[in-house]
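# let me see the structure of the following:
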Amino acid sequence: MRVVFMGTPDIAATCLKKIIEDKFDVVGVYTQPDRPKNRGMKLSFSPVKEVALAHNIPVFQPENFREDEAVEQLRSLQPDVVAVVAYGRILPQRVLDIPPKGCINIHASLLPCYRGSAPYQWAVLDGLTETGVSAMYLCREMDAGDVIDVSKTPIGPDETAGELLDRLAVLGAELLSQTLNKIEKGTATATPQDCSKVTFAPMLDKTMSPIDWNKTAQQVHNHVRGLNPWPVAIAEIQGQRFKIYATAIVPYAGNAAPGTILALTKTGLQIACGEGAVEIRTLQAEGGKRMAAPDYFRGHPLQL
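Next comes the predicted model:
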């Protein structure tokens with residue numbers, strides 16, 4: 001079975017490696033065009049392109065599939081199936097119609113929940129205790145195709161979105177391999193999504209970063225976890241702006257105003273929330289480096 005793979009970031013690279021290891025016939029790889037990166041603005045390959053080149057698989061990088069040439073190029077590869085993982089491009093219907101066995105996608109949520117571009121981040125932001133990955137057939141509507149299979153995993157109470165993604169990448173790679181096996185054998189099923197249970201996971205942006213201390217300690221903790229590693233939660237502490245990378249919920253039954261500094265302990269800086277309190281464990285001052293909170297405030301004493 002001839003497979004064309006489409007993807008761009010690390011989670012997609014993990015999936016590509018898996019199906020190469022499992023001896024699927026990957027006849028071509030599509031990824032986003034090389035982009036300038038870092039201060040030198042040197043063109044940088046995507047993680048997927050690096051994997052493909054390392055295995056001598058042809059790489060294609062069209063800006064989109066609006067041009068006939070890009071569509072015909074894909075058609076010339078004669079894919080039986082197209083596998084998509086975080087490609088970052090919408091595939092038009094004329095592309096979806098090319099592979100006789102369909103276009104499939106690995107999505108980092110348990111569909112129909114969290115359709116959209118930031119599913120695992122919103123699972124953490126919303127305080128879920130379980131998520132997973134879904135294998136589905138692509139259709140014109142985003143993330144709305146029939147589901148082939150899912151794989152579930154718990155979310156740790158202190159797990160960040162970045163840590164969760166690392167685990168979902170491995171889970172997704174295994175699910176992709178299993179799904180391709182089923183498609184090749186003709187045993188893949190397709191279950192329509194329940195439209196009454198659809199939720200969405202819109203793209204994150206930096207306007208979400210400021211911590212709202214009026215929220216509960218659990219909500220603040222989830223906020224910090226869900227925005228790590230990007231765009232990262234921020235807070236102003238005694239006039240100084242910090243990025244907040246790690247917190248913990250601590251026992252507190254007082255009634256101090258939300259945002260009040262309660263104590264600096266050996267493990268962090270405790271701050272009152274609308275309900276309960278959190279302890280900031282890891283932070284980064286503007287222009288500084290990421291540090292344990294007690295280490296930073298030893299050199300920059302607080303006015304308590």
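
# element containing the closest residue to L77 other than its chain neighbours, please.
For L77, ignoring the flanking residues on the chain, the nearest one in space by Cβ to Cβ, 6 or more residues apart in numbering is G28 at 4.6 Å. (Glycine included, C-beta is placed from N, CA and C.) According to DSSP states H and E, G28 maps onto strand 25-30.

# identify all contacting residues around that strand.
Residues outside strand 25-30 that contact it (Cβ atoms under 8 Å, 6 or more residues apart in numbering): 1-7, 16, 19-20, 48-49, 51-52, 55, 57-62, 74, 77-79, 87.

# after that strand, next one along is what?
Following strand 25-30 in sequence, per DSSP H and E, is strand 35-37.

# so D10 versus E72, what's the distance?
Separation of D10 from E72 (Cβ to Cβ, to the nearest Å): 30 Å.

# looking at those two, which one has more neighbours?
D10 (15 against 10; other Cβ atoms under 10 Å).

# run a quick neighbour tally on the nearest residue to the more buried one once chain neighbours are set aside.
Nearest non-adjacent residue to D10, counting by Cβ to Cβ, 6+ apart: P47, 4.9 Å away. Using other Cβ under 10 Å, P47 has 19 neighbouring residues.

# mind naming the longest strand for this structure?
Scanning the chain for the strand with the most residues, using DSSP state E, yields strand 240-250.

# so Q303 sits against I237, correct?
No - contact status for Q303 versus I237: not in contact, 10.6 Å apart, counting by Cβ atoms under 8 Å.

# next one: the longest strand of the chain to chain centre, how far?
A distance of 21 Å separates the centroid of the chain from that of strand 240-250, by Cα atoms, centre = their mean, to the nearest Å.

# for the record, mean pLDDT for that strand?
Average pLDDT, strand 240-250: 98.

# got the domain boundaries for this protein?
Listed domain ranges for the chain are 2-197, 206-299 (source: automatic domain parsing).

# gap between the two ends of the longest one?
Terminal residues of domain 2-197 are spaced 35 Å apart (Cα to Cα, to the nearest Å).

# mind listing the helices in this structure by residue range?
Secondary structure of the chain, counting by DSSP state H: helices at 10-21, 47-54, 68-76, 93-96, 119-125, 161-185, 217-226, 293-299.

# quick one: the closest residue to I183 other than its chain neighbours from S134, how far?
Nearest residue to I183, sequence neighbours excluded (Cβ to Cβ, 6+ apart): K101, at 5.4 Å. With distances taken as Cβ to Cβ, K101 is found 18 Å from S134.

# can you count the residues close to R2?
When neighbours are defined as other Cβ under 10 Å, R2 has 16 of them.

# who does F200 bridge with?
Beta bridges link F200 to R115 when assigned by DSSP bridges.

# wait, it sits on Y114?
Yes - using Cβ under 8 Å, F200 is in contact with Y114, at 7.1 Å.

# comparing those two, which residue is more hemmed in?
Shown here are F200 and Y114; by other Cβ under 10 Å, Y114 has more neighbours (25 against 15).

# dihedrals phi and psi, the more buried one?
Y114 has phi and psi values of phi 60, psi 50 when expressed as degrees, to the nearest 10.

# for it, which non-adjacent residue is spatially closest?
A201 (4.1 Å).

# ok, L111 next?
Once flanking residues are discounted, L111 sits nearest to S134: 4.3 Å by Cβ to Cβ, 6+ apart.

# the one you found pairs with what?
With DSSP bridges as the rule, S134 is bridged to H107, V150.

# list the contacts for it?
Residues near S134 by Cβ under 8 Å, 6+ apart: 106-107, 109-111, 147, 149-150.

# returning to what we had before: the longest strand of the chain pairs with which strands, parallel or anti?
Neighbouring strands of strand 240-250 in its sheet, by DSSP bridges, are strand 233-237 (antiparallel), strand 277-285 (antiparallel).
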